[in-house]
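> Fold the following.
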Amino acid sequence: MANVIITNPEQLLDLEGKTLGTTAWLTVSQQRINLFAEATNDHQWIHVDEEKAAQGPFGACIAHGYLTLSLASDFLFQLIDIQNLAMGVNYGCNKIRFPAPVPVGSEIRGRGDVISVEQVGEAYQAVIRITIEIEGSERPGCVVDTISRYSFK
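Prediction:
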């Protein structure tokens, strides 16, 4: 169940400037990294060659930055459930950063902060910053300002 449930546009507008809390922890497994490498044809050794990566700069394989970014979508759905929609779409992202590598075996979670909400035509556009925290790390693995548009019934 999501941290915040929204049923109408007014509730969404009222979220501007508020935090949505955090999600459950997720383990970044080598299998997940390998599957992402297969899906994207990105087989760089720092991601998939466990022996070589163990001798490399991170001491182990690390998740692709775009793999970490892609998990923001899952975290967003854990943070906020917008109901009574005719349609919701991913409109894009603003600034995306990868401050720290995400080593294989890491536990990560999303933290959500609502940056802005505005009406755009008949829809409502929300910019929600997803900070992907790495357990035990001071720096996050990814920070992204997601942009979603919602049309209510």
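> mind listing what's buried in the lengthiest helix in the chain?
Taking DSSP state H as the criterion, the chain has its longest helix at helix 65-79. For helix 65-79, burial by neighbour count (16 or more other Cβ atoms under 10 Å) applies to 65, 67-69, 71-72, 75-76, 78-79. Bear in mind the C-beta positions are built from the backbone N, C-alpha and C, glycine included.
> One more: stretch 76-90?
Under the neighbour-count criterion of 16+ other Cβ under 10 Å, stretch 76-90 has 76, 78-80, 82 buried.
> For it, give me every contacting residue.
1-8, 12, 15, 20-24, 73, 110, 112, 128, 130, 146-153 (Cβ atoms under 8 Å, 6 or more residues apart in numbering).
> From those residues, keep the buried residues only.
Buried by 16+ other Cβ under 10 Å: 2, 4, 6, 12, 15, 20, 22-23, 110, 112, 128, 130, 146-150, 152, out of these.
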